[in-house]
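# output the structure for:
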Amino acid sequence: MQVNQQEIDAVEAKLNGQHGLKAALAVAFWSVPILVLWYGLYLYDDRFAPIMLALSGAAIGIVVRFYGRGYQLSFAVMAFMAHLAVVVAAFMFGLSLGEGQSVRAFILAGLYGVGAWSAAYIGRLTIPFEQHRAFYVLTEEAPHDSSRRLRNRWFITTPLALSGCCLTLTVSLFALTGFEIFRATQSHHENRMAEREAFEARAIEVTSAHLDTLPTDEAMRHAFAFFAGQLPNKSGNRYTRYPKSDYKAKRVLSYLSEERGNVRAKFILGRLTYNENGLSLIQQAADEGDIYAKIHVASEFGCYGEPDKAKQLLNMLAKTTNDKSALDEIYSVLSVGFEQICAEYRIPDFAQMYIR
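Below is the predicted model:
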């Protein structure tokens, strides 16, 4: 076969420029950015994730083509195997489909097929038509010297590329897993903060200007909610979580007792500050006619060694009140006994029956 020497020299230079080892190392390195790009696209819009089955193959092929400059079949095989490793890594990390996305299996298979074909086709250079005769003379009649070099031996380059991809992709998966854990933790923290802000926003302001705008019963419900952490509805049979704050509960009660002269608020404030000389507030409320304050003052005689007097006063109160909750409280004190009741008085308490 007659071949122009100039064509032979040109093809010879191309064959000698093949570097399978460089391509193997490059594809092992570049498989990481390709996987990261896949992950980034998944985060941006996970509906496009399946498309990377095809695009990643083209990217792998370009890497092998650029660094390997190879014409041997082994370069196509190397690109095919590297693409397969990237796809497996992506599937292991859940990047194949978007969340809640449904794609038919044959579509995924088709996209993978396109990617695999692209990797193999792009990864291997082709000889221009006008140089086919020179290529045939140099490679088909006898193996070219470039194919016998260690850097281009398929049994070295292909396993090296595959093992290199497996190593770098494994490290990448660990790194991406750590990043996912960080993102999940950050998202959880932000959600908790948002929930906390929304929860705190339920609380009313306890400034005098704002409390002036609230009816007394509404302010009392919020005072109870600050103490108990539960805001009852107006009928008292349903509750909503509410930010707790003993200070704000006392602030609302103090406003009601001082600014509006509310006797019940004064009694409750005395109960909450019982260990801080709150008994004087309870006594004032009792003097002003609050039934619960009177029950408390009567019970105090039992706490100081006069149980008979306490019982007498409680029985008198039971005859003079029509408040069912107050009657239940009186009978509860008489049945439980003063020792336990007096111990309970030392614990700040804001019973819901006080605001009914």
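# now E288: closest residue in space, sequence neighbours ignored.
V263 (4.6 Å; CB to CB, 6 or more residues apart in numbering). Glycine gets a C-beta too; all of them are placed from N, C-alpha and C.
# so the one you found touches Y292, yeah?
No: V263 lies out of contact with Y292 (CB atoms under 8 Å); the separation is 9.6 Å.
# pull up the overlap in contacts between the two.
Between them, V263 and Y292 share these contacting residues under CB atoms under 8 Å, 6 or more residues apart in numbering: A285.
# residues contacting the residue lying closest to R153 once chain neighbours are set aside?
Sequence neighbours aside, G20 is the residue nearest to R153 in space, at 7.3 Å (criterion: CB to CB, 6+ apart). When contacts are counted by CB under 8 Å, 6+ apart, G20 touches G68, G70, Q72, S74, F75, M78, R151, N152, R153, W154, I156, T157.
# now the helices for the stretch 1-150 of the chain?
With helices called from DSSP state H, counting those that start in this stretch, the stretch 1-150 of the chain shows them at 5-16, 20-44, 52-68, 73-92, 105-123, 132-139.
# and if you look at the stretch 251-356 of the chain?
For the stretch 251-356 of the chain, the helices defined by DSSP H, counting those that start in this stretch cover 263-272, 279-287, 291-303, 307-320, 324-336, 338-345.
# and among those helices, the most buried is which?
Greatest average neighbour count among these goes to helix 263-272 (a mean of 25), per mean count of other CB atoms under 10 Å.
# quick one on the thing from earlier: dump the helices of the stretch 251-356 of the chain into TSV; add mean pLDDT and distance to P128 as well.
Shown next, in TSV, are those (pLDDT from 0 to 100; distance: least, CB to CB, whole Å):
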stretch	mean pLDDT	distance to P128
helix 263-272	93	93
helix 279-287	92	102
helix 291-303	91	102
helix 307-320	91	112
helix 324-336	90	100
helix 338-345	87	99
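# can I get those helices in CSV with distance to A249?
As requested, the helices of the stretch 251-356 of the chain are exported to CSV (distance: least, CB to CB, whole Å):
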stretch, distance to A249
helix 263-272, 7
helix 279-287, 14
helix 291-303, 17
helix 307-320, 27
helix 324-336, 20
helix 338-345, 18
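# go through those and name the closest to G164.
With CB to CB as the criterion, G164 lies closest to helix 263-272 of the helices of the stretch 251-356 of the chain, at 70.8 Å.
# which regions of this structure sit below the pLDDT cut-off?
1-11, 13, 97-103, 129-147 (pLDDT under 70).
# counting by contacts, list what the helix ranked longest in it packs against.
Selection of the longest helix in the chain by residue count, based on DSSP state H, yields helix 154-200. Packing contacts for helix 154-200, counted by 3 or more CB pairs under 8 Å, 6 or more residues apart in numbering; DSSP states H and E, involve helix 20-44, helix 73-92.
# now stretch 114-122 - C-alpha only, CSV.
Output of stretch 114-122 as CSV, limited to C-alpha atoms (Å, rounded to 0.1, in the frame of the first residue of the first chain):
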residue,chain,number,x,y,z
VAL,A,114,-26.3,8.0,26.2
GLY,A,115,-23.8,8.8,28.9
ALA,A,116,-21.9,5.6,28.5
TRP,A,117,-21.8,5.9,24.7
SER,A,118,-20.7,9.5,25.0
ALA,A,119,-17.9,8.6,27.4
ALA,A,120,-16.6,5.8,25.1
TYR,A,121,-17.0,7.8,21.9
ILE,A,122,-15.6,11.1,23.1
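# what residues sit buried inside that stretch?
By neighbour count on 16 or more other CB atoms under 10 Å, the buried set for stretch 114-122 is V114, G115, A116, W117, S118, A119, A120, Y121, I122.
# dump those residues into a markdown table; add distance to N191 as well.
As requested, the buried residues of stretch 114-122 are exported to a markdown table (distance: CB to CB, whole Å):
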| residue | distance to N191 |
| --- | --- |
| V114 | 39 |
| G115 | 37 |
| A116 | 41 |
| W117 | 44 |
| S118 | 41 |
| A119 | 41 |
| A120 | 46 |
| Y121 | 47 |
| I122 | 44 |
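# all set, thanks.
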